[in-house]
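Peer 1: this is the structure alone, sequence omitted:
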Ligand SMILES: Cc1cc2nc3c(=O)[nH]c(=O)nc-3n(C[C@H](O)[C@H](O)[C@H](O)COP(=O)(O)OP(=O)(O)OC[C@H]3O[C@@H](n4cnc5c(N)ncnc54)[C@H](O)[C@@H]3O)c2cc1C
């Protein structure tokens, strides 16, 4: 089977009695054979397990990535469920150390209770584990920060031979370990830099997309955190710009028990766009998948209001529902030209899109394999939802393939934890640190115990 055929697998029905850890969260891939899961409850137990054998192993977090990133090679080997290695390990005034499998939600809740936050703004959900998020380059938005790994000060791993190694920012291989694709070792602890919480007011606007090519960079240069959803068919954008809230807004937020404060005026200018997008979504998604969650991800753009809250309350509000999500990073300096190209391509081909293009920009990352390595980057995200029967519409499928080709031609780098067609990319040309990463992998895992068929095809 070629890697390309693996790209958008069908979602399988739930089967009662099956160990859910044997499939990824979207239930579109099998990760290992029945009985292949081992769940150590301490780092010492994990070290013993790895030092006493030499078979293939693969780590599972919340299993939210495509199956090819998580499955054990050829289905034979051990899936390491690290759920037992979770929770706070230690903290200082401005750092926190969590076990690798701690869900991000727990990290964020701990920091929030101390009046702190990460510099890295969150993605749309916080169900991922810390180790899983680091390993795939999970990110949010804002040019003043980068991916979540950008806040890591120290990463501790158990290596393939069962020995323990710690990597801090001064270590020459830190750039590899920050985003290791699950291919270097088992992350058991991460120390993160913490800073004082900022309360933001997020202003939401619906604007014409006619000048999006220039507007996107301007919004990002002039505001702390920016997220935009572009509806090419309707030539409209909903843009959120978040900056420090005024004293009055902070007082009102605190008076409300520090719950997300919704401002009074609502804006209905996008309601017609929402209705036409919903029509397309209903046509493509036969049957009500996942209790109607895909529809709710679109209705949220109706009647929107400005809000005041912390970064998690404002941005971490995603509705997690199985989908095929393609997200490609483009250097910010080229994002305007790429928007122009997508506009031309859209006008020519009129593809069916049942979800807007998601635009999030981040600052440069020092992770060698981060899609934002070395430069400010704009991530272009495209979503197609599954139908209730687990299929994807033919139109959705062909739209994703076509748009990914456009972005790959423009030098795009795909998000490792989402779907992409690997045949479109020349990795050593895209990543100056590619060969150095491969060398680190040879040193840390010379027998490639952590390889999946997919990472082996990429890295061997
Ligand atoms: C609904 C949804 C919303 C999302 N939103 C965003 C978003 O806003 N921004 C964004 O950037 N991404 C987003 N993603 C992508 C998501 O963040 C990544 O897929 C992430 O890797 C998932 O973390 P996980 O804990 O599920 O890891 P898994 O998917 O279980 O694993 C990911 C990789 O990490 C490895 N791994 C797991 N645990 C360890 C460990 N202890 N040590 C070493 N390697 C390990 C695995 O082997 C695998 O290679 C989203 C995904 C979904 C499904």
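Peer 2: Yes, it's here. Bear in mind the structure is a predicted one, so any value in this text is a computation, not a measurement.
Peer 1: got the contact list for stretch 389-409?
Peer 2: 8, 10-13, 27-28, 284-287, 324, 326, 328, 330, 338, 341-342, 345, 349, 351-354, 380, 382, 384-387, 414, 419-421, 424-425 (C-beta atoms under 8 Å, 6 or more residues apart in numbering). Using the backbone N, CA and C atoms, a C-beta is placed for each residue, glycine as well.
Peer 1: make that stretch 201-211, sorry
Peer 2: 215, 225, 230-232, 235-246, 249, 267, 269-270, 273, 304-309, 314.
Peer 1: flag every buried residue along stretch 362-376.
Peer 2: Residues of stretch 362-376 classed as buried: 362-373, 376 (neighbour count, 16 or more other C-beta atoms under 10 Å).
Peer 1: looking at the stretch 351-460 of the chain, which residue is nearest the ligand?
Peer 2: The minimum distance from the stretch 351-460 of the chain to the ligand, using C-beta to the nearest ligand atom, falls at residue 417 (2.8 Å).
Peer 1: can I get the buried residues of stretch 362-376 in TSV with secondary structure, pLDDT and distance to the ligand?
Peer 2: What follows is the buried residues of stretch 362-376, written out as TSV (DSSP: H, G, I helix; E, B strand; the rest coil; pLDDT from 0 to 100; distance: C-beta to the nearest ligand atom, whole Å):
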residue	secondary structure	pLDDT	distance to the ligand
362	strand	98	9
363	coil	98	14
364	coil	98	16
365	strand	98	12
366	coil	96	17
367	coil	98	12
368	coil	98	16
369	coil	98	12
370	coil	98	10
371	coil	98	9
372	coil	98	10
373	strand	98	14
376	coil	98	16
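Peer 1: where does pLDDT dip in the stretch 51-200 of the chain?
Peer 2: Residue ranges of the stretch 51-200 of the chain with pLDDT under 70: 73-75.
Peer 1: can you list the residues of it near the ligand?
Peer 2: Counting by C-beta under 6 Å from any ligand atom, the stretch 51-200 of the chain comes close to the ligand at 58-65, 69-70, 82, 100-101, 123-125, 128-129, 131-133, 135-136, 138-139, 181-182, 186-187.
Peer 1: quick one, phi psi at the closest residue to the ligand within the stretch 201-350 of the chain?
Peer 2: Here the stretch 201-350 of the chain gets closest to the ligand at one residue, residue 320, 4.0 Å apart by C-beta to the nearest ligand atom. Dihedral pair for residue 320: phi -80, psi 110, per degrees, to the nearest 10.
Peer 1: cool, and residue 414?
Peer 2: The phi/psi pair for residue 414 (degrees, to the nearest 10) is phi -80, psi 150.
Peer 1: ok, and the closest non-adjacent residue to it?
Peer 2: Here the nearest residue to residue 414 in space, its sequence neighbours aside, is residue 420; by C-beta to C-beta, 6 or more residues apart in numbering that works out to 3.6 Å.
Peer 1: quick one, what contacts the nearest residue to residue 43 once chain neighbours are set aside?
Peer 2: Nearest in space to residue 43, with sequence neighbours left out and distances taken as C-beta to C-beta, 6+ apart, is residue 188 at 5.0 Å. Neighbouring residues of residue 188 by C-beta under 8 Å, 6+ apart: 43, 46, 82, 85, 99-100, 156-158, 164.
Peer 1: just to revisit the earlier point, among the residues of the stretch 51-200 of the chain next to the ligand, which lie within helices?
Peer 2: With helices defined by DSSP state H, the entries of those inside them are 131-133, 135-136.
Peer 1: the stretch 301-450 of the chain: helices as residue ranges?
Peer 2: Remark: helices assigned in the stretch 301-450 of the chain by DSSP state H, counting those that start in this stretch are 311-315, 332-349, 394-409, 427-430, 434-444.
Peer 1: can you add mean pLDDT, distance to the ligand and mean neighbour count and give those back as TSV?
Peer 2: What follows is the helices of the stretch 301-450 of the chain, written out as TSV (pLDDT from 0 to 100; distance: least, C-beta to the nearest ligand atom, whole Å; neighbours: other C-beta atoms under 10 Å):
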stretch	mean pLDDT	distance to the ligand	mean neighbour count
helix 311-315	98	9	22
helix 332-349	95	16	16
helix 394-409	91	15	18
helix 427-430	97	16	13
helix 434-444	98	11	17
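Peer 1: list buried residues within the contacts of stretch 201-211.
Peer 2: Among the contacts of stretch 201-211, those classed as buried by 16+ other C-beta under 10 Å are 215, 225, 230-232, 236-242, 245, 249, 270, 273, 304, 306-309, 314.
Peer 1: farthest-separated two in the contacts of residue 188?
Peer 2: Using C-beta to C-beta, these span at most 14.5 Å, a distance reached by 82 and 164.
Peer 1: follow-up on the earlier one: now, of the contacts of residue 188, which are buried?
Peer 2: Looks like the contacts of residue 188 have 43, 46, 82, 85, 99-100, 156-158, 164 buried, using 16+ other C-beta under 10 Å.
Peer 1: just the buried residues of stretch 40-48, please?
Peer 2: Result for stretch 40-48 [16+ other C-beta under 10 Å]: buried residues 40, 43, 46-47.
Peer 1: now residue 229: which helix or strand?
Peer 2: Residue 229 is part of strand 225-231 when elements are defined by DSSP states H and E.
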